[in-house]
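Colleague: here are the coordinates; sequence isn't available:
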């Protein structure tokens with residue numbers, strides 16, 4: 001049974017004992033992501049995530065790695081546009097160690113200048129790696145086209161010049177604004193005793209102090225729809241089409257998920273069947289929604305031969321028009337809901353997935369969404385709901401992004 005409680009310093013905790021397991025997954029969510037960065041700070045949330053592993057007041061970077069490896073555990077972190085997550089997976093008897101290490105890297109990072117400069121080089125290499133991935137470039141471009149100079153239009157990694165030029169003082173100032181128990185939460189799933197967990201978390205996280213964080217800013221999607229291109233020496237052209245979506249927490253995110261499953265969410269979807277299976281003009285083609293506070297987006301992606309770019313976009317547009325004109329069929333609707341329900345239930349077999357879902361919901365929505373509620377809300381979606389969301393999405397404004405070698409030549 002899922003339980004929630006709050007430590008004396010205001011840090012919220014959500015936990016689910018799973019006594020049939022021998023493992024525990026634990027994560028710390030901090031509401032610090034690129035959506036909260038100014039243009040001059042772009043990339044700092046992600047850089048801070050990296051620096052957390054480079055040593056603390058008690059542990060060197062090597063000691064952090066060695067202590068987790070010594071128990072066969074797994075330690076990692078991730079930065080999104082909305083938050084930064086630090087998490088560990090260990091066997092149940094090592095929960096205290098996992099909580100200790102997580103608290104140490106989140107609350108007490110050393111920010112040693114020498115280690116900072118070493119990790120700066122690592123992040124710059126990550127930026128270069130992303131630049132070498134045309135799919136990633138296409139997604140960065142479509143975000144810039146849909147959101148422009150708003151925070152959601154900027155990348156999570158940030159531009160090279162900011163990472164190269166930011167100082168220790170810049171890091172400390174940004175961190176002070178966002179890293180606090182009032183702006184974070186902890187999620188735990190696996191084999192543990194609830195009273196023991198309370199004691200462990202109070203011991204390791206109880207000294208954390210700080211004020212509340214900041215509200216997420218409002219971003220507007222396709223306020224000025226654009227078309228952006230990037231010339232990359234690639235064999236394929238990469239296409240992204242970006243529409244308005246549904247905001248985080250909206251009841252319509254479930255109808256959006258059903259509609260997405262029909263259009264491009266799987267191997268049986270319309271776009272996959274038409275463009276890959278029937279036309280054989282793409283290896284990869286899919287659609288996906290993203291939800292943010294106050295807004296959301298919906299993207300269609302395809303990787304195709306440059307000479308087929310216009311033909312594939314025309315095929316996508318034709319399939320979209322068919323869906324809007326003729327509607328989602330009863331069979332498609334039933335399959336989409338079954339796919340969503342089955343995928344979600346299978347995901348709940350993992351302690352990590354349960355922990356991740358609880359932490360994300362509490363951090364971003366300030367509430368817990370149970371498995372039963374999620375299934376109930378999927379089942380409650382009607383075909384009219386899914387069709388309405390499709391109409392609202394696909395008949396709205398659209399931005400476009402294209403990446404490839406001499407790509408503009410193929411867009412004429």
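Modeller: Structure's in. What do you need? All values reported here derive from a predicted model rather than from experimental measurement.

Colleague: Measure how buried residue 168 is and give me the count.
Modeller: Counted with other C-beta atoms under 10 Å, the burial measure for residue 168 works out to 13 neighbours. For glycine as for every other residue, the C-beta is placed from the backbone atoms N, C-alpha and C.

Colleague: Quickly note the distance from it to residue 200.
Modeller: Using C-beta to C-beta, to the nearest Å, residue 168 is found at 31 Å from residue 200.

Colleague: now swap in residue 189 and tell me
Modeller: When distances are taken as C-beta to C-beta, residue 189 and residue 200 turn out to be 15 Å apart.

Colleague: And those two? Which one has more around it.
Modeller: The neighbour comparison of residue 189 against residue 200 (other C-beta under 10 Å) goes to residue 189, with 28 against 21.

Colleague: Model confidence for the closest residue to residue 9 other than its chain neighbours, exactly?
Modeller: By the measure of C-beta to C-beta, 6 or more residues apart in numbering, the closest residue to residue 9 outside its immediate chain neighbours is residue 181, 4.6 Å from it. What the model reports as pLDDT for residue 181 is 97.

Colleague: Would you confirm that residue 181 contacts residue 8?
Modeller: No: using C-beta atoms under 8 Å, residue 181 and residue 8 do not qualify as a contacting pair, with a distance of 9.4 Å.

Colleague: With neighbour numbers in mind, choose between those two.
Modeller: residue 181 (24 against 9).

Colleague: For residue 297, which three-state class applies?
Modeller: strand (DSSP: H, G, I helix; E, B strand; the rest coil).

Colleague: so what's it up against?
Modeller: Neighbour list for residue 297: 146, 221, 242-245, 289-290 [criterion: C-beta atoms under 8 Å, 6 or more residues apart in numbering].

Colleague: In contact with the nearest residue to it once chain neighbours are set aside, which residues?
Modeller: With C-beta to C-beta, 6+ apart as the criterion, residue 297 has its nearest non-adjacent residue at 4.5 Å, and that residue is residue 245. By C-beta under 8 Å, 6+ apart, residue 245 lies in contact with 221, 256, 289-291, 295-298, 393.

Colleague: now do residue 406
Modeller: Counting by C-beta under 8 Å, 6+ apart, residue 406 touches 231, 306.

Colleague: repeat that for 10 Å
Modeller: 229, 231-233, 237, 306 (C-beta atoms under 10 Å, 6 or more residues apart in numbering).

Colleague: Show me which pair in those is furthest apart.
Modeller: For those, the farthest-apart pair by C-beta to C-beta is 229 and 233; their separation is 14.0 Å.

Colleague: Which parts of the stretch 51-200 of the chain are helices?
Modeller: Counting by DSSP state H, counting those that start in this stretch, one finds helices in the stretch 51-200 of the chain at the ranges 61-69, 95-107, 113-131, 134-147, 160-165, 168-178, 194-205.
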